[in-house]
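Visitor: Take this sequence and fold it.
(2 chains)
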Amino acid sequence: MMKARGIKKAGVAGMVALIYSAAVQAHDPVFGLGPHTLFKNATEVHLGFDPSRAGRNQQTRSTLEFAYGLTANWTARVELPYESREKGPDGIGDVGIATKYRFWRRDALGVQESSTAFLRVKPDTASSGRGTGSTDSILGLAYGYESRKWYRWAAARYRFNGETGEGLERGDKLLLDLVGGIRFKQTAYLEPDWVWMLELNGEMTGRSKLKGVRVEDSGGSEWFVSPGLMWTLRNFAIKTGVQLPLASDLNGNQEATDYRARLEFEWHR
Amino acid sequence: MKHPFLIIAAALLWSTMAAAQGVRYELRVDGLACPFCAYGIEKKFKKTKGVEAVDIDLERGLVVVSAGEGVQLTREQVERIVKDAGFTLRSMTEKTLP
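Guide: Below is the predicted model of the structure:
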């Protein structure tokens, strides 16, 4: 029973850590992956708050991120999370390092279309009881179309989960995102700018294994509809959104996600 | 003897006035969809020596760079700045300010 609870906790923590590791940037979707990279030599500071609830498991993850534009197409990022859980110890979570490389771009008058490859590695750096307890990595591809009025994005990410010290192998995960956005009013350069978004986020998780034995209460799929908003003023951005469950097909006895929310502040120079 | 001095003085005055004239560069830039991203252009140009002001018109894809006296931006230099900011330079015109 204790073991099963531990597995569930690890599963929820892993799920939350995964979702809040998208290395998001302004004018990228709130929850999905977008293709944006920073301009060359740009530095970015990013502060995010991510409350979520799945049944009796409630947690808030706060993340401080620093990013640097190595070139106009290549960005590197470090993520420092702090986890606060209703049940369990609060403290610093697993540190993440991520990079994005924009390998294709098409520019036209008031339009930018691009595609990006994404890699994130999250070593097991947190103390016991926090983080996922394993070294995990995510590979992703994102496409984005951005114009003065319309936005659209599509992305796929695959997460390779490592094994914890207790012999738990959490199932790998596939994430899919489809996002549309609109700027109702085309504001001038120095005016506050609003973009409204609607995301469809899907998560498909494989079954976990404990010391080689399949865990019945693990894996499955969840789909979310996620309204979001980004507000920017020159080089400062605020983004917010909420993920609401649309459909869920989880194996065995698992707590489905009730909601996930996100609030982010971003500043680059 | 007075005439050569007058000519030299007039030439000096003219050259001083000419040097005091600023230059305005009008750049057609593709890819300018959002103001947050366009900030990179402003930042990059403002770090360039002699650049005094940068105005961006997103609807027209126009970036106007005002440079001070004696400052000359080459096409290669401007192209590099726009590229490093993550956009594409389409055209560039130069106007000497009166």
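
Visitor: For the helix or strand A:Gln243 falls within, what is the distance to the chain centroid?
Guide: For A:Gln243, the enclosing helix or strand under DSSP states H and E is strand A:236-250. With CA atoms, centre = their mean, to the nearest Å as the basis, strand A:236-250 stands 10 Å off its chain's centre.

Visitor: For the stretch 101-250 of chain A, which residues are neighbours of chain B?
Guide: When proximity is defined by CB under 8 Å from any CB of the partner chain, the stretch 101-250 of chain A lies next to chain B at A:105, A:107-112, A:146-148, A:183, A:186-191, A:193, A:195, A:232, A:234-235, A:237. Glycine gets a C-beta too; all of them are placed from N, C-alpha and C.

Visitor: Take those residues and keep only those in strands.
Guide: When DSSP state E is applied, these are split such that A:105, A:107-108, A:111-112, A:146-147, A:193, A:195, A:232, A:237 fall in strands.

Visitor: any chance of the residues you listed in JSON lines, plus neighbour count?
Guide: What follows is these, written out as JSON lines (neighbours: other CB atoms under 10 Å in any protein chain shown):
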{"residue": "A:Arg105", "neighbour count": "19"}
{"residue": "A:Asp107", "neighbour count": "21"}
{"residue": "A:Ala108", "neighbour count": "14"}
{"residue": "A:Val111", "neighbour count": "17"}
{"residue": "A:Gln112", "neighbour count": "24"}
{"residue": "A:Glu146", "neighbour count": "26"}
{"residue": "A:Ser147", "neighbour count": "19"}
{"residue": "A:Asp193", "neighbour count": "23"}
{"residue": "A:Val195", "neighbour count": "22"}
{"residue": "A:Thr232", "neighbour count": "23"}
{"residue": "A:Ala237", "neighbour count": "22"}
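
Visitor: A:Ser208 contacts A:Glu216, correct?
Guide: No. With contacts counted by CB atoms under 8 Å, A:Ser208 stays clear of A:Glu216, the gap being 9.6 Å.

Visitor: which ones are touching residue 89?
Guide: Just going to use chain A. By CB atoms under 8 Å, 6 or more residues apart in numbering or on different chains, the contact set of A:Pro89 is A:127, A:129-130.

Visitor: switch to chain B, that's the one I care about
Guide: Neighbour list for B:Leu89: B:27-30, B:78-79, B:82-83 [criterion: CB under 8 Å, 6+ apart].
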